[in-house]
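> Need coordinates for the below:
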Amino acid sequence: MDLSFLNQIGVQYTPQARLAEHTTFRVGGPCLALVECRNAKELTLTVLTLRQHNLPFLLMGFGSNILASDQGIHRIIVRHTTTTPNISMRACAEPNLYLVTADSATQLDDVVAYTINNGLEGLLPFSGIPGTLGGAIAGNAGAYGQQLADTLESLTILRPDNSVVTVPKSAIHFEYRDSDLKHNGDIVLSATIKLPRNGNIEQMKNNRAANLAMRVGKHGRWQDTPCAGSFFRNVEPTSKAGPRQSAGWFLEQAGCKDMNLNGAHSYHNHANIITRDVGAKAQDVYDLTCAMACAVKAKFGLELVREVRLLGPFENAPACDPQGYW
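Modelled structure (predicted):
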């Protein structure tokens, strides 16, 4: 596929890039090409150009909540992520409240660090969560009972009709680990969040350090332990779960922590963090998680719901989308 026209807008692309090199699970076959976009301007130009040429593409952030198929996917992947934070802050009309705006390619943890360094509170629970701000908003990421939509003020989005609009949070429907943005074709370019100021910056930094250490101890480091974070959503309070809601608890009680399928298994400190040894494939991870969900259903009568998005075709998965996320 000739994508040389992308050179005119200054973005880099790699034909037949392997998804294993661009996801934290570090598995996955080739895509048609992978286009790197580091900011909202590059993303907008890339999407408009690909649409103009009628080329099929999918958007990816940091690749931290994805299990990509070993077979790859017959689509262009537009990867929107950067390690260079693009964040600004301004006072709000309301007393002691501030608005923080960031490009959606910015790492979520960089946004957390920025707010804490500026004495703003509200994002501490998200410390250490890998992924971009845009991806975290689309999936309504959460931790310790808080979800990212709680602090959201507004979004600038690129719509399927190529218009760019800024909308308030109320224009987007958010649910637990989900939102309209995962399904309607809207692309987040930037986001503004509203946070109160707390003068005790040193204490906030200490709390962040403690949170980061606790997260590493419980979840490991994705750089060392290939994974996509919590594989299943926690169980809704209205279900048969009763007072316990952690998917990890149900998985462990059902014996899933001891399962191992060709090197795919749970992380030793967390039954809901699925990892893999060298040589284990995406299909092995998929088959393992299906077996784990079946074990929980057999013991508790609960249907676990995936938090991780699958990309591309998997064997024994008749409901999959072979050319997209599902």
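> Quick check, pLDDT for residue 228.
On pLDDT, residue 228 comes in at 96.
> What values do phi and psi take at it?
phi -130, psi 30 (degrees, to the nearest 10).
> Please verify my assumption that it contacts residue 62.
No - if you go by CB atoms under 8 Å, residue 228 and residue 62 don't touch, sitting 10.7 Å apart. Where C-beta positions appear, they are placed from N, C-alpha and C, glycine not excepted.
> what do these two both touch?
residue 24 (CB atoms under 8 Å, 6 or more residues apart in numbering).
> What is the helix or strand that residue 195 is a member of packed up against?
According to DSSP states H and E, residue 195 maps onto strand 187-196. Packing partners of strand 187-196 (3 or more CB pairs under 8 Å, 6 or more residues apart in numbering; DSSP states H and E): helix 40-52, strand 97-103, helix 133-138, strand 152-158.
> Now tell me what touches stretch 7-26 from outside.
Taking CB under 8 Å, 6+ apart as the rule, stretch 7-26 contacts 1, 3, 6, 27-37, 42, 45-46, 49, 60, 62-64, 66-69, 72-73, 77, 79, 130, 222, 226-228, 276, 282, 285, 311.
> Report the buried residues of that stretch.
11, 13, 14, 17, 18, 19, 20, 22, 23, 24, 25, 26 (16 or more other CB atoms under 10 Å).
> Give me the three-state assignment for the second one.
I take that to be residue 13. Assigned with DSSP: H, G, I helix; E, B strand; the rest coil, residue 13 falls in the strand class.
> Quickly list what it is bridged to.
residue 35 (DSSP bridges).
> What confidence value was assigned to it?
96.
> and the gap between it and residue 65?
Note on residue 13: its distance to residue 65, by CB to CB, to the nearest Å, is 23 Å.
> Tell me which residues touch the nearest residue to residue 255 once chain neighbours are set aside, please.
Of all residues not flanking residue 255 in the chain, residue 295 sits nearest, at 6.3 Å (CB to CB, 6 or more residues apart in numbering). Residues counted as contacts of residue 295 (CB under 8 Å, 6+ apart) are 251, 254, 255, 256, 259.
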